[in-house]
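S.K.: next comes the sequence, and after it the predicted model I'd like to discuss.
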Amino acid sequence: MGFIKASLFISLDGVIEKPAEWHFPYFDDQMGAVVGQLMGETEATLLGRTTYEEFAAYWPTADPADPMTAAMNGARKYVVSTTLGAPDWENTSLTSIDELRAVKKTTKLGTTGSATLVRRLLER
C-alpha cells in the first residue's frame, strides 16, 4: 500500500518560500541525512506545478558529479497541475488530484515544497 509523505522546509514563523534566501545557508550533513532518509522511503516524488517548474529548471543541468543530481533526475515524478503543458523533465507524469488517489494506492510518494498542493491534499 502506498502513502504520501510531505517534508517541508519551513521556518518557525511559517515561511516556506524562497529557501535559497533563508534555508540553504544552514543546510548541513545532518540535514542532508534526514532528506536522504525521507527520499529513500519513497518510490516517487510528488510535486505541484510551481515546485516542478523550479526543480525542472535546475536539476536537468545541475552538476553531474553531485549524487543528488542523479537522484532527482532519475526519480519517478508526478506533477499535480491543471495548467502545466506536457512535462519535459525525464520520468515525469502529469496527474490530477483525483487521479492521484489511484497512484497513492500502490506508490509510496514523497513531496517537498509544493505547499499549495499539500494544503489541497489536506483539505481532501
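M.R.: Cool, got the structure.
S.K.: beyond the least confident helix or strand in the chain by mean pLDDT, next helix or strand please.
M.R.: Using mean pLDDT, DSSP states H and E, the weakest-scoring helix or strand in the chain turns out to be helix 19-22, at a mean of 68. Counting by DSSP states H and E, the next helix or strand C-terminal to helix 19-22 is helix 29-40.
S.K.: mean confidence score for that next one?
M.R.: In this model, helix 29-40 has a mean pLDDT of 76.
S.K.: which helix or strand lies directly C-terminal to that helix?
M.R.: Trace forward from helix 29-40 with DSSP H and E and the next one is strand 44-48.
S.K.: what's the angle between that next one and helix 29-40?
M.R.: Angle of strand 44-48 versus helix 29-40, following axes from the mean of the first three to the mean of the last three Cα atoms, to 10 degrees, is 100 degrees.
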